[in-house]
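>>> 3D model of this:
(chains A and B)
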Amino acid sequence: MSKIELKPYKGARDFYPEDKAFQKWMFNKWREVVESFGYVEYDAPILEPTDLFLLKGNQEIIDSQTYTFLDRGDRSVTVRTEMTPSISRMVASKRQELSYPLRWYSIPNLWRYERMQKGRLREFWQLNVDMFGDSSEFAELEMLQIIDGIFQKFQAKRTSYTIKINSRLLVNQLLNDLGMTEIKSVEIIRLLDKLSKMSAEEFATELDKLTGNSDSSKKIVQFMSAKTIDELTDNLIKLPSAALINKILVDLSNLGIRNVVYDPTLMRGFDYYTDIVFEVFDNDPENNRAILGGGRYDGLVGQMGVEPVPTIGFAIGDVVFADFLRTHKLVRKINLSIEATMIIREVDSINGALAAARDLREMGVKLSVDTTGRKIEKQLKSALKSGVTYIIFAGAEEIKNKLFTIKNINSGSEEKHSLQRIVSIIKDSRNTIS
RNA sequence: GCGAAUGUAGUUCAACGGUUAGAACGUCGGGUUGUGGUUCCGAAGACGAGGGUUCGAUUCCCUUCGUUCGCCCCA
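Below you'll find the predicted structure:
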């Protein structure tokens, strides 16, 4: 018999109960924040026709970085690599009957065929938050408020992360003013995106190669080194996007959110974003990476053949966000769903014990019963290891008197109580754990 | 797709070109301990895979697979 591989598939993870408990804890906090802003949850199939992912026109990514295959009917399908095409499809499909603005979120699992490295696996989850049908600046403001709210929900200090914002329109305008062709612009934007990975000299050389003109290069460098909007040239400052960024910064500051900066080098690739883009960076040098990104993409729904809808959204990956939480020690011990285990003192008591267990469950306690008949010590050790908080002892005397022994593992204390009282003790303890 | 590091029990680590590859923790069983993380005894459990060099390979070489970290890419 050949040995079967026990490890999960490359780049994917097994979620043992403690891992799943952590994931649920994190996702639930995400949900609480976005739902508090009135967002509702949706989902879509994990498989989509490959064509949907080709809308953005990147055949190369489909070929090299997706799970794409022919189904039994020779249709090309792709395992979703992001949620945006699916949600755009859903909105386009009911374009006329939905009432705007829509506030939708989802936590899909996604697959990308990539080489793994820190913070990047092949299967991962993402919180996707999108708003359709509001083109006002308050949509941008709300997105950034939600983002900050998520970090606050985990008690992150604002000094531990930085929100960066930029507008794609400003860069486009600059490159246009300099007479760059569209192809050149794309290459220059790609280079700007890599700025932080290069030395100043390398960057200057590469830039000159693209612009072919050191005066243009100088203007680009000047643009990129701006710390505030006011340092830009006049014809950029007069763009609505420039005023918008300033307004967002002021509004957020008034809300107490001051870890926000204008960053002209922020590009977020060059896909469907149409104006404002933003990212959040972990300030810890050990984990200095983007943990979240998003922006306005007003064009995508329109590409599905219906009237366009203004759209803004962002996504956070579970892997990088968990790294952030761990880096800043924001993960506390997470309890499993089991609350109590019943230990039966002697075999003869099993029927009475099971009856008591049934009563406890009917009153809402999540209870397991150790029916192995092992020595008390062994049962106790197993219970301790399972991470349960309460142990209920059921023996002949307890069953007769209808007073059961409840032991709190954390405090070590042990008391005898009626089943009703035991239920309220356990329920009370739920509020102190969150 | 490219590059670097790495692969010994469940885990963290040893040792060694040559009899039965060790330990700790964990696991399981048993003895003490009133119902616990104590203590004692015992047990199970590993050289990632395939080739080569050699009288002999876990050890040296090659290939492959896995893992980790970079690059590319990052939706």
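
>>> wait, isn't A:Val79 in contact with A:Gln65?
No - between A:Val79 and A:Gln65 there is no contact under C-beta atoms under 8 Å: 11.2 Å. C-beta: built from backbone N, CA, C; applies to glycine.

>>> And those two? Which one has more around it.
A:Val79 (19 against 16; other C-beta atoms under 10 Å).

>>> Which residues are in contact with that one?
Taking C-beta atoms under 8 Å, 6 or more residues apart in numbering, we find A:Val79 in contact with A:46-47, A:66-68, A:110-111.

>>> any bit of the helix or strand where A:Trp125 lies sitting next to RNA strand B?
In this assignment (DSSP states H and E), A:Trp125 forms part of strand A:123-132. No - judged by C-beta under 7 Å from any atom of the strand, strand A:123-132 stays clear of RNA strand B, getting no closer than 9.0 Å.

>>> Adjacent strands (with direction) for that strand?
Within its sheet, and counting by DSSP bridges, strand A:123-132 is paired with strand A:102-106 (antiparallel), strand A:109-111 (antiparallel), strand A:311-317 (antiparallel).

>>> how big is the angle separating the following helix or strand past it from strand A:123-132?
On the C-terminal side of strand A:123-132, the closest following helix or strand by DSSP H and E is helix A:137-153. Counting by axes from the mean of the first three to the mean of the last three C-alpha atoms, to 10 degrees, helix A:137-153 lies at 140 degrees to strand A:123-132.

>>> contacts for helix A:137-153?
By C-beta under 8 Å, 6+ apart, helix A:137-153 touches A:29-30, A:32-34, A:36-37, A:101, A:127, A:129, A:131, A:158, A:161, A:163, A:165, A:244, A:247-248, A:251-252, A:255, A:257, A:260, A:276, A:278, A:280, A:292, A:294, A:296, A:310, A:312-314, A:316.

>>> do stretch A:276-290 as well
Looking at what lies outside stretch A:276-290 - C-beta under 8 Å, 6+ apart - the contacts are A:119, A:140, A:143-144, A:147, A:151, A:159-168, A:241, A:244-245, A:248, A:266-268, A:291-296, A:312, A:314, A:320, A:323-324, A:327-328.

>>> run the last query once more with 6 Å
For stretch A:276-290, contacts defined as C-beta atoms under 6 Å, 6 or more residues apart in numbering pick out A:140, A:160-167, A:266, A:268, A:291-293, A:295-296, A:323-324, A:327.

>>> tell me the SS of A:Thr372?
coil (DSSP: H, G, I helix; E, B strand; the rest coil).

>>> Whichever of the contacts of helix A:137-153 end up buried, select them in ChimeraX.
Those of those that count as buried under 16 or more other C-beta atoms under 10 Å are selected in ChimeraX with:
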select /A:30,33,34,101,127,129,131,158,161,163,165,244,248,251,252,257,260,276,278,280,292,294,296,310,312,313,314,316
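
>>> now, which of the contacts of helix A:137-153 lie within strands?
Among the contacts of helix A:137-153, the members falling in strands (DSSP state E) are A:127, A:129, A:131, A:161, A:163, A:165, A:260, A:276, A:278, A:280, A:292, A:294, A:296, A:312-314, A:316.

>>> and A:Asn235, helix, strand or coil?
The local conformation at A:Asn235, judged by three-state DSSP, is helix.

>>> so how many other residues sit close to it?
Using other C-beta under 10 Å, A:Asn235 has 11 other residues around it.

>>> so what's it up against?
Taking C-beta under 6 Å, 6+ apart, one finds nothing in contact with A:Asn235.

>>> Equivalent analysis for A:Leu175, please.
So A:Leu175 contacts A:Ser185 (C-beta under 6 Å, 6+ apart).

>>> and if you look at the one 3 residues further on?
Counting by C-beta under 6 Å, 6+ apart, A:Leu178 touches A:Ser216.

>>> what's the pLDDT at it?
pLDDT recorded at A:Leu178 is 91.

>>> From A:Ser368, how far off is it?
69 Å (C-beta to C-beta, to the nearest Å).

>>> ok, now A:Asp43?
31 Å.

>>> buried residues in stretch A:189-207?
Here stretch A:189-207 shows A:189, A:191-192, A:195, A:203, A:206-207 as buried, counting by 16+ other C-beta under 10 Å.

>>> what's the lowest-pLDDT member of those?
Across those, the member with the lowest pLDDT is A:Leu195, scoring 81.

>>> Could you pull up phi and psi at it?
phi -50, psi -50 (degrees, to the nearest 10).
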